[in-house]
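>>> I'll drop the sequence and a predicted model, then ask my questions.
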Amino acid sequence: MIKTVFAATAALFASAGAAFAGPYVNVETNAGWTGSEYNGAGTDLHVGYEGALGESASYYVQGGATVLTPDGGESDTVPSGKAGVGVSLTEALGAYGEVSFVGSGDEDLDRGYGAKLGVKYSF
């Protein structure tokens, strides 16, 4: 059963600063396959806030819930969140990082954590 929750998600690649700072709402679905077999999806429903860190960096933080929908299984709604930063290294090159967590619908299972680091070069 899908529960009603706040909705949002953030996209932050390496920008020189946010075009605007403030709250946002975003929904993001990530689906997975092994070969041609569909495994299921997780849909983030988050509210967040983003802003500038000086002239060449930006940040975001968001949280809410993720609706887990495994293939052939029952949906479950669990807590989740993300936070990240982006930094302009040059006019064309930036770096970004993100940390995240997704709860488990089973109290006996551990919460999942993730991290992402990357660079982006714009032509």
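Perfect, thanks for sending it. Just so it is clear, the structure is predicted and the values come from calculations on it, not from any experiment. Residues are numbered from 1 along each chain as shown.
>>> tell me what the residue at minimal distance from the centre of the chain is bridged to.
For the chain, the residue sitting closest to the mean C-alpha position, by CA atoms, centre = their mean, is residue 82 at 5.0 Å. Listed beta-bridge partners, residue 82: residue 62, residue 100 (assigned using DSSP bridges).
>>> give the contact list for it.
Taking CB atoms under 8 Å, 6 or more residues apart in numbering as the contact definition, residue 82 lies against 9-10, 44, 46, 48, 60-63, 98-100. Bear in mind the C-beta positions are built from the backbone N, C-alpha and C, glycine included.
>>> mind doing that once more with 10 Å?
Contacts for residue 82 (CB atoms under 10 Å, 6 or more residues apart in numbering) come out as 8-10, 12, 28, 44, 46, 48, 60-64, 98-102, 114, 116.
>>> equivalent analysis for residue 100, please.
Residue 100 is in contact with 44, 62-63, 66, 80-84, 112-116, counting by CB under 10 Å, 6+ apart.
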